[in-house]
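S.K.: Okay, predicted coordinates and the sequence, questions at the end:
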Amino acid sequence: MNNKNEKNKINISFSKKKLLFITLSFFVIAIFTITAYYDYTPSGLSIKGQVMIGILLMAGILWVTEAIPLAVTGLLIMIMQPLLGIMPAEEVFSSFGNEAVFFLIGAFILASAIEKHGIHKRIALKFLSFFEKTPKLFTFGIMIACACLSFVMPEHGVAALFLPIITSILIAMKIIPKQSNFGKVSMLSVAYGCSIGSLGTLIGGARNPLTIGFLSNLDPPIVVSFFEWMIIAMPVVLISLPLVWIVLQFSFPIKIKDISLAKKEISNQVKKQGRIGQKQITVSIIFVLTLFLWVFFSNYTYFGLAGIALLGGILLFITGSLNWKDVEQRLPWGIILLYGGAVTLGIGILETGAADWIAKAIFTSIGANIYLSILALIIFTILLTNIMSNTGAVALLLPIGLAISTEIAGITPLLASMIIALSGGLAFMLVIATPGNAITYSSGYYSTRDLFKAGFIANIICIAIVFSVAIIYWIGILNL
Amino acid sequence: MFKKILIPVSSEFYTKEILQRGVFLAEKFKSKTDIVYIIEEKTLDQTDKQSDAFRTHYEIEDTKKEIVGTQKQKADNIIFEDARTIYKEKGLTVEDKTAEGQFSTVIKKEIKNNNYDLILMGYNKQCNLNYRLLDDMDIPIWLESEKQGDSILAVCSNLAPNQKVPDLSMKLAKLLNWNLNMLYVIDMQDNVEVDRQGNRSGKKSENDLKDNGINFQKEMKQKNINVEIVKGNLEKQTFKKAKDLGANLVIIGREKKQKGTLGLPVKNIKRKIAGKCKYSILFIN
């Protein structure tokens, strides 16, 4: 009875906190709307633009505090715009017709099949078995394995997959939680490997399809294919992986030398997997085919990213590898709704001129230097993504980034979007920053202080990496 | 003295020292020891919350099961095995179990259902400890620290009834064969007297408080214990003396401090002491 009362008390106080944030967000939108309609707008900002900034701030408060689920904030953004006279309802809801939405659905269906048949576990164990020479190399193997799997399935799924695998290995090695640097580095390698890997392709993080969705809504639209994304993003992944691994080695020097127990545990787990089955082969073939089509044919107008993703998904049903219940169990509709809200938010901010006004306001104060602007964009995105949902952070910043690109010579919409999208995945410092951090933290092998210590340095290194890649590779070589 | 000891271990914090202290006490007092490994609810909830929009309910539940599974595996293969080995070396046995929930709530439940007479736990801010537990429990709570010394510091003051601390510290010092040092703090920040029932008096003058301290000193002298009287902030004086002595254990009683320097309510005094003291502490209510 007492326990129940205690729990209720906690829930009530928690609800009060949430209510406060919800009230604050509505207060902000009310102030911005009332002042706008009474013509109290700063020079250069339209009435609709001011209301849109109010909606942006409201979304920001709700996404950062998570007073209501992220997806519900997405829905709220969608209804606020027609309600406050910013955009007709038809136009707002048509953003759901975007190709990137169906790409996300298709990609989640494919990931469902991989998870259902345990193919990801097989791949993970195979990868790890290549790195069981020394403890240090093993942690690098964890990072590489997580990153590679995050190229082909959502990063959170990869973190959830690796949690039991790595924990079993650490337990077999009698690694004491929070006291062993090997335990810390192993778990942090999972968290960081997933985050870094998710930058590499359009599948790893939902913010990547969101970015290409934003770009395709521009006038004229900018279309980025699966392969083009990889060409742009991969250098950041390839440079970040070893450097972040080195940061972990310096932050928590590994003292143990023997890896034989890990080797034994991996071989036990491989044995438990048994021989590969018919269904697993079918799913693997369909997945490889889909990947092949994404890489080489996704820029065809009549095929496209979503078409290929859905084709792969349908093939899984036709071959009996997947049923609808599996999809219902594994397709997070919340992210689709969040996506819808984010896209309409971006369109509203751009079309009402709010983004231009914000960009001008920023550059009146800090100047219009291209290098400073790129650096500021990276730092700000990384800070924001560390305190809120990655996708939410990217959704808030993309319209502003796109407006910046119209203000500063040398920064194109594609460049600004890639900077925000990739920096948005680098959430290394806090447990609340990304589900991957929260999942690995639950293992108990590292503390919040450990995460911050390593994450802070890793984030600084990654700021330098994204900045250098942007200047040398994206601007210098690719002419983005 | 301590016939049945409960050692709660948080999934957030584990140190082998706690087992070593546990076996030391079990050997000295011929006690039975139970270890309960607590999978912290807060950690599980955090994972849930983070996964909210990105993963389905089914996947989140799956991950939660995996987390609970791996935590149980960790408890079995590392903590319980360590305990069994350490206790076996001394010819003792230890009972173990796993529970899910909030750290303090699980402890309360265990105390309610079993007749423990000591809670022995490792302390770290990572354990989601509800500090009211330190005041709520009728049985002593021992917070073990890694810092080792060779003496006991028993703290009495104008803010506590000073009944159980002297008796228990004398018994403990005798049984453990540790030096006993007793400190009486006159805390002028909260210049009241706490009686034997734990009731606070009205404000007292410094001389009155000093007289009470001297009376206590005399009372203890008859029991062959020297008491050092100091004036100042209870927490600071405790830390200072513990450091000077290199205390192995600091014993704190039912301190009832309520006001800070500006007359504002201060946070739980035991929380402050637990958070800052680098030595093992025994809280007696």
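M.R.: Received it, and whenever you're ready, just let me know what you need. Numbering: from 1, shown residues only, chains lettered A, B, ... in the order given.

S.K.: Looks to me like B:Gln197 is in a strand.
M.R.: No - B:Gln197 is assigned coil when assessed by DSSP: H, G, I helix; E, B strand; the rest coil, not a strand.

S.K.: check contacts around it.
M.R.: Contact analysis of B:Gln197 by CB atoms under 8 Å, 6 or more residues apart in numbering or on different chains lists B:Pro161. For the C-beta atoms, the positions are set from N, CA and C on the backbone; glycine is no exception.

S.K.: Against chain A, how distant is it?
M.R.: As defined by CB to the nearest CB, to the nearest Å, B:Gln197 lies at a distance of 24 Å from chain A.

S.K.: Quick check: phi and psi on that residue?
M.R.: Taking degrees, to the nearest 10, you get phi -90, psi 0 for the backbone angles of B:Gln197.

S.K.: One more: the one 10 residues further on?
M.R.: Note on B:Asn207: backbone dihedrals following degrees, to the nearest 10 are phi -60, psi -40.

S.K.: Check B:Leu143 too.
M.R.: As for B:Leu143, its main-chain torsions (degrees, to the nearest 10) stand at phi -100, psi 110.

S.K.: So it sits against B:Ala274, correct?
M.R.: Yes - proximity of B:Leu143 to B:Ala274 meets the contact threshold set by CB atoms under 8 Å, at 5.8 Å.

S.K.: The two: who's more crowded?
M.R.: The residue with more neighbours, out of B:Leu143 and B:Ala274, is B:Leu143; 24 against 20, by other CB atoms under 10 Å in any protein chain shown.

S.K.: which strand residues sit across from that one in the sheet?
M.R.: With beta bridges defined as DSSP bridges, B:Leu143 has these partners: B:Met121, B:Ile281.

S.K.: how close does it sit to chain A?
M.R.: With distances taken as CB to the nearest CB, B:Leu143 is found 17 Å from chain A.

S.K.: Single out the residue in the stretch 101-250 of chain B that lies closest to chain A.
M.R.: B:Thr105 (5.3 Å; CB to the nearest CB).

S.K.: Tell me where the model's unsure across the chain.
M.R.: Using chain A. A:1-14, A:365-366 (pLDDT under 70).

S.K.: Let me rephrase: I mean chain B.
M.R.: B:46-53, B:125-128, B:147, B:149, B:256-268.

S.K.: Whatever residue of the stretch 1-150 of chain A ends up closest to chain B - how many residues pack around it?
M.R.: Using CB to the nearest CB, the point where the stretch 1-150 of chain A gets nearest to chain B is A:Leu70, with a distance of 3.9 Å. By the criterion of other CB under 10 Å, A:Leu70 has 24 neighbours.

S.K.: isn't it right up against A:Leu338?
M.R.: Yes - using CB under 8 Å, A:Leu70 is in contact with A:Leu338, at 5.0 Å.

S.K.: Tell me where the longest helix sits in chain B.
M.R.: Counting by DSSP state H, the longest helix found in chain B is helix B:57-74.

S.K.: Quickly check: that helix near chain A or not.
M.R.: Yes - contact between helix B:57-74 and chain A, assessed by CB under 8 Å from any CB of the partner chain, occurs at B:Tyr58, B:Glu59, B:Asp62, B:Thr63, B:Glu66, B:Ile67, B:Gly69, B:Thr70, B:Gln71, B:Gln73, B:Lys74.

S.K.: follow-up on the earlier one: any residues in contact with both of B:Leu143 and B:Ala274?
M.R.: Counting by CB under 8 Å, 6+ apart, the residues touching both B:Leu143 and B:Ala274 are B:Tyr123, B:Ile281.

S.K.: now the residue nearest the centre of chain A: how far from A:Val237?
M.R.: Centroid-nearest residue in chain A, with CA atoms, centre = their mean: A:Gly205, separated by 3.9 Å. According to CB to CB, to the nearest Å, A:Gly205 stands 12 Å off from A:Val237.

S.K.: intersection of neighbour lists for the two?
M.R.: A:Leu199.

S.K.: who's in contact with residue 114?
M.R.: Picking chain A for this. Listed by CB under 8 Å, 6+ apart, the contact set of A:Ile114 reads A:His120, A:Val152, A:Met153, A:Val283, A:Phe287.

S.K.: wait, I meant chain B there
M.R.: B:Lys4, B:Leu6, B:Asp34.

S.K.: How about the backbone phi and psi for it?
M.R.: For B:Asn114, the backbone dihedrals are phi -140, psi 150 (criterion: degrees, to the nearest 10).

S.K.: how much space between it and A:Leu248?
M.R.: With CB to CB as the criterion, B:Asn114 and A:Leu248 are 43 Å apart.

S.K.: got it, and B:Lys236?
M.R.: From B:Lys236 over to A:Leu248 the distance is 39 Å, taken as CB to CB.

S.K.: Many thanks, I have nothing further to ask.
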